[in-house]
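*Asks:* return atomic coordinates for the entry below.
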Amino acid sequence: MNILAIGDIVGEIGVRKIVKELPKIKEKYDIDFCIINGENAAGGMGITKKIFDDLIKAGADIITMGNHTWGKKDIFSFIEDKKIIRPANYSRGLPGNGYSIFAVNNKNIAVINLIGRTSMGVLSENPFIVANDIYNELKDKVDIFVLDFHAEATAEKIAMGYYMDGKFNIIFGTHTHVQTADDKILEKGTAYITDIGMTGPKKSVIGMNVNASLKRFLTSLPERYKLAEGEAMINGCVFKINDETNRTEEIIRINTK
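*Replies:* Below is the predicted model of the structure:
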């Protein structure tokens, strides 16, 4: 089985790029299941029903979110759809689901979304405890566990990889928008990468207009958030899983520079 994870879609430029290219990518890598992080898809903050529908129609099986889950009020009209999940360790009682289970090629795949607590500015429960609780709840029902860990600190993401090694089949990080080169199969079999990168404006500062970003750093004065424009790139990973063992045998990084 081949599972594709596409890094944070940033703005409508990123949406248009992946809608156009996703069918080709899926055909090239013989993809069976596709995950897209969409928390920055609408103007860089949140997602709308139209964008959600466009991504699903283009070939995404599930959309994961993050710290900008509630960025657009439109989210409340479709947050209960099983094809979109928000961090499972958000405060209890919030709408939406922290994971969804899909039947694919006679396998049950659980996709989980968690958010980090280091430098994220979001009130949340301990992601390590929640990750283990979800595993214990689903381990007798699920063949393949996939985690999108939306976090700022590389140390927190790496620690999660080791903590859930041998339990979750795939752990990939999102949020920092820069693809890392540390993809590996951990000792107990978990496929891991700290960040799968960003799908959005190529000439940008993690999706933001270069000049606006420079003004922030050079002057320390507040500058209105502005998305970059121009040509887009696609970042993500393909995880090739052995159908007999459910272990990932290969990780292929996608980076369309």
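
*Asks:* was I right about residue 34 contacting residue 64?
*Replies:* No. Using Cβ atoms under 8 Å, residue 34 is not in contact with residue 64, being 11.3 Å away. For every residue, glycine as well, the C-beta is placed using N, CA and C.

*Asks:* which of these two has more neighbours?
*Replies:* Here residue 34 and residue 64 are compared on neighbour count by other Cβ atoms under 10 Å; more neighbours surround residue 64, at 31 against 24.

*Asks:* that one contacts residue 35, correct?
*Replies:* Yes. Residue 64 is within contact range of residue 35, at 6.2 Å (criterion: Cβ under 8 Å).

*Asks:* quick check: neighbours shared by those two?
*Replies:* Overlap of the contact sets of residue 64 and residue 35 (by Cβ atoms under 8 Å, 6 or more residues apart in numbering) consists of 111, 148.

*Asks:* for this structure, what helix or strand is lowest in average pLDDT?
*Replies:* In the chain, the helix or strand scored least confidently by mean pLDDT, DSSP states H and E is helix 210-219, which has a mean of 91.

*Asks:* list the buried residues of that helix.
*Replies:* Neighbour-count burial for helix 210-219 flags 212-213 (criterion: 16 or more other Cβ atoms under 10 Å).

*Asks:* residues in contact with the helix or strand that it is followed by?
*Replies:* Using DSSP states H and E, the helix or strand that directly follows helix 210-219 along the chain is strand 232-233. Judged by Cβ under 8 Å, 6+ apart, the contacts made with strand 232-233 from elsewhere in the structure are 13-14, 16-17, 198-202, 255-257.

*Asks:* A helix includes residue 132, no?
*Replies:* Yes. Per DSSP: H, G, I helix; E, B strand; the rest coil, residue 132 lies within a helix segment.

*Asks:* any idea how far it lies from residue 88?
*Replies:* Remark: distance between residue 132 and residue 88 (Cβ to Cβ, to the nearest Å) = 12 Å.

*Asks:* compare those two and say which is more crowded by neighbours.
*Replies:* Shown here are residue 132 and residue 88; by other Cβ under 10 Å, residue 88 has more neighbours (21 against 15).

*Asks:* in this structure that one contacts residue 111, no?
*Replies:* No. Contact criterion Cβ under 8 Å: residue 88 and residue 111 do not qualify, at 10.5 Å.

*Asks:* mind listing the shared neighbours of those two?
*Replies:* Common contact partners of residue 88 and residue 111 (Cβ under 8 Å, 6+ apart): residue 99.

*Asks:* any idea of the mean pLDDT in the helix or strand in which residue 63 is found?
*Replies:* With secondary structure defined by DSSP H and E, residue 63 is part of strand 62-64. For strand 62-64, mean pLDDT rounds to 98.

*Asks:* what sits up against that strand?
*Replies:* When contacts are defined by Cβ under 8 Å, 6+ apart, strand 62-64 is touched by residues 34-39, 47, 52, 55-56, 82-85, 100, 102, 111, 113, 148, 150, 174.

*Asks:* that strand: what's the following helix or strand?
*Replies:* Downstream of strand 62-64, the first helix or strand assigned by DSSP H and E is strand 84-85.

*Asks:* quick one: contacts of whatever helix or strand comes next after that following strand?
*Replies:* Next in sequence after strand 84-85, counting helices and strands by DSSP H and E, comes strand 99-104. Contacts of strand 99-104 from elsewhere in the structure, counted by Cβ under 8 Å, 6+ apart, are 1, 32-33, 61-62, 82-83, 85, 88, 108-113, 134, 138, 141-142.

*Asks:* give me that answer again for 7 Å
*Replies:* Here strand 99-104 makes contact (Cβ atoms under 7 Å, 6 or more residues apart in numbering) with 32-33, 61-62, 82, 85, 88, 108-113, 134, 142.
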